[in-house]
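> Requesting a structural model of the entry that follows:
(2 chains)
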2 protein chains.
Amino acid sequence: MELEQCLKLRRDTRHFLKDDVPETVLKKALTAAHCAPSVGLSEPWRFVVVRNQQTKAILKQSFLKIRAKAEANLANEQDKLKLHKSLKLEAIEDAPIGLAVFCEYPKENYTIGTVWTDETLKWSCVCAIQNLWLSLTEQGYSAGWVSILDYDQLKQVLSVPDDWEPLGYLCIGKPATDYDGQPMLEQVGWKQRCSEPVVIYR
Amino acid sequence: MELEQCLKLRRDTRHFLKDDVPETVLKKALTAAHCAPSVGLSEPWRFVVVRNQQTKAILKQSFLKIRAKAEANLANEQDKLKLHKSLKLEAIEDAPIGLAVFCEYPKENYTIGTVWTDETLKWSCVCAIQNLWLSLTEQGYSAGWVSILDYDQLKQVLSVPDDWEPLGYLCIGKPATDYDGQPMLEQVGWKQRCSEPVVIYR
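Now for the predicted structure:
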């Protein structure tokens, strides 16, 4: 698929069909992720594939807990709160697979590009996520990035090393809709997109 | 260009030709960036295009200051320090344009997906950067992400609002080399790539 078409088709997906995600599809998407740039060639991205339904059930509870906390921010905006409660913000139990993404901090004494902020390591992982997302789109699949989660619990449930920092959890499967080519939040009237990016010339 | 080819061709570039970057090329790349996913449809990415040579000269000094600080980490590894000093880690003054990327924190009371960590806003900006990078690659251009900078100074020099958080500075132009299809740091023997990503099944 042409890059431009792929960039436009990619959606943050919360509605999936029941079709499984073949290992070949996942493998190709992970290979795309591994093509990402990384600060100081650190390649800090680490992936945990979740297929176990019990594990997913625990993560769904984690989502519900943080979602309730989020909704406390909307206590004074009743209309918005009502709309928020109706939004489908994850597909943890219904997407065939989940992919938790972590950043492993390098053991080496010095990694190029981390002196001002070592957040650059996490940013490398995000580049990998975006590559993976585009590859899934190209293959007829999609992802939904869930960041409404207890990140400490995510680490515990998946038994990952202490120094792996979580970036979130991607629900992956075959999309049931393209939301009429819009972001889902735009389609349901939560918010409108800006027509142009903000660009200043200096 | 096919997505897969574009993902493989994309390089973090530090060596550029003198050819200018036409506005049409930059516009197309910024449009690609604006197709990125963003947490809660926040679209928090902000771009500053730098063409002014004096501004670039100040940023080059900022790079040199932080690079010197970085090299203090290698004081006990003389061979590595020598190699590090020989590395071309930026192209601030020789790339035809620079693009500083910032994250503007939303003014609204509540943005979906920011309750556990509002770093998710910066991660949205990184998705935009990766889209932009791929679009530049497709168009025969490239970028080099410079994070060895005084980020406070970057904000001051470019006179951006206080609540814009910098993610770094991209040097953009026509690449003078593809480093034999390798990351530059691999080509010069700084570090080798891992052949496969780390994937755990749970």
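
> show me the contacts for A:Cys194.
A:Cys194 sits next to B:34, B:43 when contact means CB atoms under 8 Å, 6 or more residues apart in numbering or on different chains. The C-beta positions use only the backbone N, C-alpha and C, and glycine is treated the same way.

> again, 10 Å this time
When contacts are counted by CB atoms under 10 Å, 6 or more residues apart in numbering or on different chains, A:Cys194 is found next to B:34, B:41, B:43.

> which residues in chain A form strands?
Assigned by DSSP state E, chain A shows strands spanning A:45-50, A:97-104, A:142-146, A:164-173, A:198-201.

> Just put those strands in JSON lines and tack on distance to chain B, mean neighbour count and mean pLDDT.
JSON lines is the format used below for the strands of chain A (distance: least, CB to the nearest CB, whole Å; neighbours: other CB atoms under 10 Å in any protein chain shown; pLDDT from 0 to 100):
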{"stretch": "strand A:45-50", "distance to chain B": "5", "mean neighbour count": "23", "mean pLDDT": "98"}
{"stretch": "strand A:97-104", "distance to chain B": "8", "mean neighbour count": "24", "mean pLDDT": "98"}
{"stretch": "strand A:142-146", "distance to chain B": "7", "mean neighbour count": "27", "mean pLDDT": "98"}
{"stretch": "strand A:164-173", "distance to chain B": "7", "mean neighbour count": "25", "mean pLDDT": "98"}
{"stretch": "strand A:198-201", "distance to chain B": "5", "mean neighbour count": "14", "mean pLDDT": "96"}
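
> wait, which of these is closest to A:Phe63?
strand A:142-146 (6.5 Å; CB to CB).

> Now do that closest one: distance to the chain's middle.
Averaging C-alpha positions (CA atoms, centre = their mean, to the nearest Å) puts strand A:142-146 5 Å from its chain's average.

> May I have that strand as CSV, with CA atoms only?
Below are the C-alpha coordinates for strand A:142-146, written out as CSV (Å, rounded to 0.1, in the frame of the first residue of the first chain):
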residue,chain,number,x,y,z
SER,A,142,-5.6,-2.1,13.2
ALA,A,143,-4.7,-1.1,16.7
GLY,A,144,-6.3,0.9,19.6
TRP,A,145,-3.8,2.4,22.1
VAL,A,146,-5.2,2.1,25.6
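
> just the angle between that strand and strand A:97-104, please?
Counting by axes from the mean of the first three to the mean of the last three CA atoms, to 10 degrees, strand A:142-146 lies at 60 degrees to strand A:97-104.

> if we can go back for a sec, can you list the strands of chain A in CSV and add distance to B:Leu9?
Formatted as CSV, these follow (distance: least, CB to CB, whole Å):
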stretch, distance to B:Leu9
strand A:45-50, 20
strand A:97-104, 24
strand A:142-146, 23
strand A:164-173, 25
strand A:198-201, 25
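
> so which of the ones you listed gets nearest B:Cys103?
Across the strands of chain A, B:Cys103 has its closest neighbour in strand A:198-201 (11.3 Å, CB to CB).

> Show me what the closest one is packed up against.
Applying 3 or more CB pairs under 10 Å, 6 or more residues apart in numbering or on different chains; DSSP states H and E, one finds that strand A:198-201 contacts helix B:23-33, strand B:45-50, strand B:97-104.

> Reformat the ones you listed as TSV; add distance to chain A.
Shown next, in TSV, are those (distance: least, CB to the nearest CB, whole Å):
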stretch	distance to chain A
helix B:23-33	5
strand B:45-50	5
strand B:97-104	8
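
> Any idea which of these gets closest to A:Thr120?
strand B:97-104 (12.4 Å).

> What segments of chain A are helices?
A:3-9, A:23-34, A:53-71, A:78-86, A:119-138, A:151-158, A:184-187 (DSSP state H).

> Can you pull out the residues in contact with the last one?
With contact meaning CB under 10 Å, 6+ apart, helix A:184-187 is reached by A:11-15, A:87-89, A:144, A:177-181, A:190-193, B:38, B:40-42, B:112.

> Buried only: go through the residues you listed for me.
A:11-15, A:89, A:144, A:179, A:190-191, B:38, B:40-42, B:112 (16 or more other CB atoms under 10 Å in any protein chain shown).

> now, the most widely separated pair of those?
Longest span within the buried ones among the contacts of helix A:184-187, CB to CB: A:His15 and B:Ser42, 21.4 Å.

> returning to that earlier point: near chain A, from the contacts of A:Cys194?
B:34, B:41, B:43 (CB under 10 Å from any CB of the partner chain).

> residues in contact with the first one?
The one in question is B:His34. Contacts of B:His34 by CB under 10 Å, 6+ apart are A:7, A:193-199, B:43, B:45, B:47, B:128, B:131-132.

> ditto for the second one
Taking CB under 10 Å, 6+ apart as the criterion, B:Leu41 is in contact with A:12, A:182-186, A:190-194, B:111-113, B:124.

> hmm, try it at 7 Å
A:183, A:185-186, A:190-191, A:193 (CB atoms under 7 Å, 6 or more residues apart in numbering or on different chains).

> Model confidence at it, what's the number?
We have a pLDDT of 98 for B:Leu41.

> where's the residue most central in space within chain A relative to B:Val50, distance?
Residue closest to the average C-alpha location in chain A (CA atoms, centre = their mean): A:Trp145, at 2.5 Å. Separation of A:Trp145 from B:Val50 (CB to CB, to the nearest Å): 31 Å.

> Likewise for A:Val49?
From A:Val49 to B:Val50 the distance is 41 Å (CB to CB).

> Okay then, goodbye and thanks.
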